[in-house]
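S.K.: turn this into a model:
(chains A and B)
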Protein chains: 2
Amino acid sequence: MPHCVPEMVAEVQDGSSSAPDFVYDLCHSRTSANALHSDEHVDFWIEERLARPRLHIIPTPLERLCRWRIDPISGNIRHDSGRFFTVTGVKVRHRTQTAELEWDQPMIDQPEVGILGIIAKKIDGILHFCLQAKEEPGNVNSVQLSPSVQATYSNYTRVHGGSAPPFVNFFLNPPPEKVIFSKLQTEDGGRFLYKSNRNMIVLVDENELPVLPEGFIWLTLRQIARLLLRDNLIHATTRSILSCLVFPLRESEDYRMLRSLPEIIQWLDDQKAFNHLFVKREGLNTLQEWEMDRDGYFSHREGRFFRVIGINVTSAGREVSSWSQPIVETPEKGVIGLLMRVIAGERYFLMQAKPDVGNRSIIQLGPTVQFTPGNYIGNRRLAKPFLFDDFMGSGRFPVISAGFQSEEGARFFREEHLHTVLMLPEGTELLLPPEFRWLNEAQLHFFLHLGESVNSCARSVLSCLL
Amino acid sequence: MPHCVPEMVAEVQDGSSSAPDFVYDLCHSRTSANALHSDEHVDFWIEERLARPRLHIIPTPLERLCRWRIDPISGNIRHDSGRFFTVTGVKVRHRTQTAELEWDQPMIDQPEVGILGIIAKKIDGILHFCLQAKEEPGNVNSVQLSPSVQATYSNYTRVHGGSAPPFVNFFLNPPPEKVIFSKLQTEDGGRFLYKSNRNMIVLVDENELPVLPEGFIWLTLRQIARLLLRDNLIHATTRSILSCLVFPLRESEDYRMLRSLPEIIQWLDDQKAFNHLFVKREGLNTLQEWEMDRDGYFSHREGRFFRVIGINVTSAGREVSSWSQPIVETPEKGVIGLLMRVIAGERYFLMQAKPDVGNRSIIQLGPTVQFTPGNYIGNRRLAKPFLFDDFMGSGRFPVISAGFQSEEGARFFREEHLHTVLMLPEGTELLLPPEFRWLNEAQLHFFLHLGESVNSCARSVLSCLL
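M.R.: Modelled structure (predicted):
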């Protein structure tokens, strides 16, 4: 939120409705040097936890995973209990106005709607957010700062017994005036089939949660923004949630925004009408382009895209001290890039109408680029994405920010992507393919708050603008 | 559009932007007594065509349909060529906050995005719309007034050869300034699996189409509204398209509308988060609750809901003079009802957040009620819908409009539904279940124009307010 300069804060502070108050609180939390913990303490607290990894990981062939089985008929990989998730196959036909592409691939089939929740609280007048230093088997660096709560439907309804995750009650039926944000947002639609989680931020009273359990910490937005500059520290789901705070809306902008919305909605509908995506679940056994490889992992025959590996995990301090699971591995680092420009002091972002197999709405707003370079190099079936060379480091556009951020470590194994924001120099014009559009902050605010309209890669790179 | 009183027309006429001009054109077409054809001529023209049915229908067991086969493994019903549509099974699990229901059912699987287009033209300064008197095998009364163009993807891309449907070129790449409406809208998500068509209205210049082919006619909105009062004359897809014109938006309302949108969007997102709907394609053979009956039709074991029958069709004047097809039959008449109220001169409509198996977005805005009475009477598994008795004729609320309108006759066999609009008397308050909300005209305008957000039943009954 670099636009939250103090004058602007003063201006919105005059407003009488609650919305400007909230914008003020956000800007204050983003800019104030005050915080419950000093930055030095925060850094020390994180280093302490980073230095004590508790999970030990051993890669294991899929057929030897304890309590997981490969279905003899379909080849799908599922847990004995039927819980958690299944790795299934899908066959896909994607028809555009100019081309038709067919392929098959494994997908993670986990049709539960979970809760990803961050608790917010004013401490000494400044909004703080409760994050958790949490280790997941696929994390790059032991712990990452996860949301206050990550709960699957089974977790929070406790259908399988066990204790509810701490804090989950704050998110089950919060009073509307305490809800800062609450929207279904999709997970990575390239590898999750129809998976949405509810991204939530809920405010608690100042006298609640006077002491947090071990592993949890209160941070201001400024402190979180500072930690976002470090590689692979802020968890993917935390970034997904925080993206809703990147473009706070001032009342005076509302009307102007509305006038431009129909044109953007029409463009998205045009793109939906031009992209026909037929997806059908099929057993992993029936996939033509994938196979069980010599390591006992499920891989693409040409070694592209990703593979499903098995891991055995032993833990020093979890309720379950060891478990096995399949996990998706993408060894090559990808690129998630956003091109921005400034016109008359207003920021615009080049967004792509991005079709995804696993997103029910088919088309969502994606970042300018999201690609894994190796999938395109020497692959005649796939054309290089628009601005590929620029996001591979052509040097044509100045770099505003760049750093590595990783995918969540419960389903993805040490997967990281370069998150880059580039600036289009003033006076430069780009000839845009029809699936690209410049969106301003208010328009992005609208779609982030509409829900299930901005894809997970876009939310991830947008969060870096915090 | 009963609110288009002349004073209001005069008021919006002063606006300088194009939107008020268009609102003026709509209101003018809705209110002016002038038209290319007199009402008497229109009535005569329709009677002539109603009196000359060209299709002859013979119900036939599914296994004896020419060029259709029942897949020996899955039991699915498909055309030899793989074209048109397939009848497949789905297994469904629907979990709400309070209940969980599982069932299976046949669905029409036709994943092509078609075009439903109406051509509009100003004739002597008044907007006219081009409709077609067209017969379909499932129509109740031989011809109905269909859109100017109904084209499947195969039709308009001519992948299978043959001639393109007349007028389809007007809809393929229309210049944006000629597009009055163009949005994907879902078909009946209770029986179509993931089927959306593009609902379009495109303006042509006054000198274009000086003469229409036999069977087509130019009508003003007033004339169409008058014909909507007749039972089963305006085709389902025509009603679907026209619903976008029911609530024209005046500029002055925009800002007020925007302020109320976040709350409605939040309610819809809440309902989405509370309704977990898992749908999986399965062969018809695997369905537990359905079977091939003694007539050779695919029916529910208790005779509920609908059945898939076969028909042989012979035609006096089509390009194909005879064909066979499966078609969905629902003998009992259903009820599609809308409750409205007026507060301070503004109309509000009681909309339902309606989950549908075949709608990708799971939840859309449905009408107040949509039900087939027989499915509830004596059925312990299903609770009666809210306001069931009122829409069954309790007499508690005054009737604003009531008439029979039918489903499209290419997939549904002589299926009609009572379309009722009731008025909540002033001063009456209803205690609403959480899945119901009062929406005003501007809010409905927003969701109709967002696309894939207002379900087909709602669009059908809303069109009756034209």
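
S.K.: chain center to stretch A:224-242, what's the gap?
M.R.: Centroid separation for stretch A:224-242 versus its chain: 10 Å, with Cα atoms, centre = their mean, to the nearest Å.

S.K.: how about stretch A:385-394?
M.R.: Offset of stretch A:385-394 from its chain centre (Cα atoms, centre = their mean): 22 Å.

S.K.: what's the end-to-end length of it?
M.R.: Terminal residues of stretch A:385-394 lie 14 Å apart, using Cα to Cα, to the nearest Å.

S.K.: pLDDT (mean, whole number) over it?
M.R.: The predicted model assigns stretch A:385-394 a mean pLDDT of 95.

S.K.: name the residues that touch that stretch?
M.R.: A:335, A:337, A:339, A:352, A:368-369, A:371, A:373, A:376, A:396-397, A:420, A:422, A:433, A:436 (Cβ atoms under 8 Å, 6 or more residues apart in numbering or on different chains). Heads up, the C-betas are built off the backbone N, CA and C, glycines and all.

S.K.: ok, so of the residues you listed, who is nearest residue B:456?
M.R.: residue A:352 (30.4 Å; Cβ to Cβ).

S.K.: tell me what the helix or strand where the closest one lies is packed against?
M.R.: Element membership of residue A:352, judged by DSSP states H and E, is strand A:346-355. Judged by 3 or more Cβ pairs under 8 Å, 6 or more residues apart in numbering or on different chains; DSSP states H and E, the packing partners of strand A:346-355 are helix A:251-274, strand A:334-343, strand A:363-366, strand A:436-440, helix A:441-450, helix A:456-463.

S.K.: CSV please, covering the ones you listed and showing mean neighbour count and distance to chain B.
M.R.: Formatted as CSV, the helices and strands packed on strand A:346-355 follow (neighbours: other Cβ atoms under 10 Å in any protein chain shown; distance: least, Cβ to the nearest Cβ, whole Å):
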stretch, mean neighbour count, distance to chain B
helix A:251-274, 17, 5
strand A:334-343, 20, 22
strand A:363-366, 25, 10
strand A:436-440, 19, 14
helix A:441-450, 21, 6
helix A:456-463, 26, 16
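
S.K.: and those, which one is worst for confidence?
M.R.: When these are ranked by mean pLDDT, helix A:251-274 comes last with a mean of 85.

S.K.: helix or strand: which one has residue A:92?
M.R.: Assigned by DSSP H and E, residue A:92 belongs to strand A:86-95.

S.K.: ok, residues contacting that strand?
M.R.: A:74-79, A:100-110, A:193, A:275-287, A:290, A:298, A:308, A:326, A:355, A:357.

S.K.: and the helix or strand following that strand, which residues are buried?
M.R.: Counting by DSSP H and E, the next helix or strand C-terminal to strand A:86-95 is strand A:100-109. Buried positions in strand A:100-109, judged by neighbour count with 16 or more other Cβ atoms under 10 Å in any protein chain shown: A:103, A:104, A:105, A:106, A:107, A:108, A:109.

S.K.: residues from the stretch 151-300 of chain A in reach of chain B?
M.R.: For the stretch 151-300 of chain A, the contact set with chain B under Cβ under 8 Å from any Cβ of the partner chain comprises A:153, A:176, A:179, A:182-184, A:198, A:254-255, A:257-259, A:262, A:265-266, A:269-270, A:272-273, A:276, A:278, A:280-281.

S.K.: need the helices for chain A, in chain order.
M.R.: For chain A, the helices defined by DSSP state H occupy A:6-13, A:18-31, A:39-50, A:153-157, A:169-172, A:221-228, A:236-242, A:251-274, A:388-391, A:441-450, A:456-463.

S.K.: so which of the ones you listed gets nearest residue A:426?
M.R.: From those, taking Cβ to Cβ, the stretch that ends up closest is helix A:388-391, at 16.6 Å.

S.K.: quick revisit: any chance of a markdown table for the helices and strands packed on strand A:346-355, columns distance to residue B:66?
M.R.: Shown next, in a markdown table, are those (distance: least, Cβ to Cβ, whole Å):
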| stretch | distance to residue B:66 |
| --- | --- |
| helix A:251-274 | 34 |
| strand A:334-343 | 53 |
| strand A:363-366 | 39 |
| strand A:436-440 | 49 |
| helix A:441-450 | 48 |
| helix A:456-463 | 49 |
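
S.K.: for residue B:452, which of the ones you listed is the nearest?
M.R.: Of all the helices and strands packed on strand A:346-355, helix A:251-274 sits nearest to residue B:452, with 8.1 Å by Cβ to Cβ.

S.K.: which elements pack onto that closest one?
M.R.: Contacting helix A:251-274 under the criterion 3+ Cβ pairs under 8 Å, 6+ apart are the following elements: strand A:346-355, strand A:363-366, strand A:436-440, helix A:441-450, strand B:179-186, helix B:251-274, helix B:441-450.

S.K.: in chain A, what residue comes closest to chain B?
M.R.: Nearest residue of chain A to chain B (Cβ to the nearest Cβ) works out as residue A:360 at 4.4 Å.

S.K.: give me the neighbour count for that residue.
M.R.: 19 (other Cβ atoms under 10 Å in any protein chain shown).

S.K.: would you check how far apart it and residue A:242 are?
M.R.: Distance, residue A:360 to residue A:242, using Cβ to Cβ, to the nearest Å: 24 Å.

S.K.: one more: residue A:200?
M.R.: Residue A:200 is 12 Å from residue A:242, by Cβ to Cβ.

S.K.: contacting residues for the nearest residue to residue A:188 once chain neighbours are set aside?
M.R.: Using Cβ to Cβ, 6 or more residues apart in numbering or on different chains and skipping residues adjacent in sequence, the residue nearest residue A:188 is residue A:456, 5.0 Å away. Contact analysis of residue A:456 by Cβ under 8 Å, 6+ apart lists A:185, A:186, A:187, A:188, A:189, A:236, A:240.
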